[in-house]
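Enquirer: give the three-dimensional model of this entry:
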Amino acid sequence: MKNKFTVIVFSFLFTFSLKGFAFDNSPTIVAQVLGDTIYVTDLEIDMRLLKEYKLSYPDLSEEDVLDKMRENKLTSIIWKRIIQKLSKEHELEPTAEEVESFTKAIHRFSSNSSSEKLTPEMKEASLKVNRKLVKTYKISKYLYETYGGTVIFQQGNPQEPVGAYRKLLEEYQAQGYFKIYNPKYEKAFWEYYLREHPMVTPEDKVDFSKPWWEKARDK
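Expert: Have a look, this model is predicted:
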């Protein structure tokens, strides 16, 4: 009887140790967003970008720069899923006419914009960028009209509704649409939306009545 009891205890301890071993070696979950689980392995970075990042953060150690790159990648992953949701639910995908309007406006602003000089690959890449910028405007317009808040000037987005971004994220977090489990990454994620920003656009100057490139064309 004593031997039987010893075998049972040993089996239990052995099984428990195996479960613990499996847990310790399981992929670490960093965050979840809209049903997708993000693991630390999803934050692997392109080391070819390290040199460029080091120039942007000269006072940080290489390990801190690598952490910064992982933080930025996590933010990008979360926003990509959120934008997909917004675009689908509120029909914010750019139309062909909107992209064409943007492309023509950019050609007028540029002194070296002849499409005849572009290869097919360059034209395709340019069209992709133009489509992305039009989509950014449409999302910015929707978010500002929905949530209001602070708007700032950014080079790639003359009217970035950073206040609306914050309100959207707070709403999504409260509804359980996303959660960041790593405290360091969570703090880094929220820092941009919580801090004070330069180049704030006065409220009476915020105008989404027409796209910024069309307003520039009319001047």
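
Enquirer: for the rest of this, base every contact and every neighbour count on C-alpha atoms.
Expert: Noted.

Enquirer: secondary structure element for I38?
Expert: strand 36-39 (DSSP states H and E).

Enquirer: pull the residues that contact that strand.
Expert: Under the contact criterion Cα atoms under 8 Å, 6 or more residues apart in numbering, strand 36-39 has outside partners P27, T28, I29, V30, A31, Q32.

Enquirer: average pLDDT for stretch 57-70?
Expert: What stretch 57-70 shows for mean pLDDT is 93.

Enquirer: same question for that stretch: list its buried residues.
Expert: V65, L66, D67, K68, M69, R70 (16 or more other Cα atoms under 10 Å).

Enquirer: right, and the fifth one touches D46 too?
Expert: Which is M69. No. Under the criterion of Cα atoms under 8 Å, M69 makes no contact with D46, lying 9.1 Å away.

Enquirer: where along the protein do the strands fall?
Expert: For the chain, the strands defined by DSSP state E cover 29-33, 36-39, 152-154, 157-160, 178-180.

Enquirer: chain center to the first one, what's the gap?
Expert: Spelled out, it's strand 29-33. Centroid separation for strand 29-33 versus its chain: 14 Å, with Cα atoms, centre = their mean, to the nearest Å.

Enquirer: check stretch 46-57 too.
Expert: Stretch 46-57 sits 18 Å away from the centroid of its parent chain (Cα atoms, centre = their mean).

Enquirer: stretch 200-219 too?
Expert: How far stretch 200-219 lies from its chain's middle: 24 Å, per Cα atoms, centre = their mean.

Enquirer: any idea which residue sits dead centre in this protein?
Expert: S76 (2.8 Å; Cα atoms, centre = their mean).

Enquirer: quick one: it and N130, what's the gap?
Expert: Distance of S76 to N130, computed by Cα to Cα, to the nearest Å: 19 Å.

Enquirer: quick one, what contacts the nearest residue to E62 once chain neighbours are set aside?
Expert: Sequence neighbours aside, K54 is the residue nearest to E62 in space, at 7.4 Å (criterion: Cα to Cα, 6 or more residues apart in numbering). By Cα under 8 Å, 6+ apart, the residues touching K54 are L60, E62, V65.

Enquirer: number of nearby residues for T41?
Expert: Neighbour count of T41, defined by other Cα atoms under 10 Å: 11.

Enquirer: what do you get for I38?
Expert: Counted with other Cα under 10 Å, I38 comes out at 20.

Enquirer: partners of the closest residue in space to it that isn't next to it in sequence in the sheet?
Expert: Distances taken as Cα to Cα, 6+ apart put A31 closest to I38, at 5.1 Å, once the chain neighbours are dropped. When bridges are called by DSSP bridges, A31 pairs up with I38, I180.

Enquirer: my read: A31 touches K179, true?
Expert: Yes. If you go by Cα under 8 Å, A31 and K179 touch, sitting 5.5 Å apart.

Enquirer: remind me which residues of this protein are low pLDDT?
Expert: Residues of the chain meeting the criterion pLDDT under 70: 1-26, 111-116, 217-219.

Enquirer: again, only this time at 90
Expert: Applying pLDDT under 90 to the chain flags the ranges 1-27, 45-49, 51-52, 56, 104-124, 126, 155-156, 214-219.

Enquirer: helices along that one, start to end?
Expert: In the chain, the helices defined using DSSP state H lie at 2-24, 50-56, 62-90, 96-109, 120-147, 162-174, 183-194, 212-218.

Enquirer: thanks a lot, see you next time.
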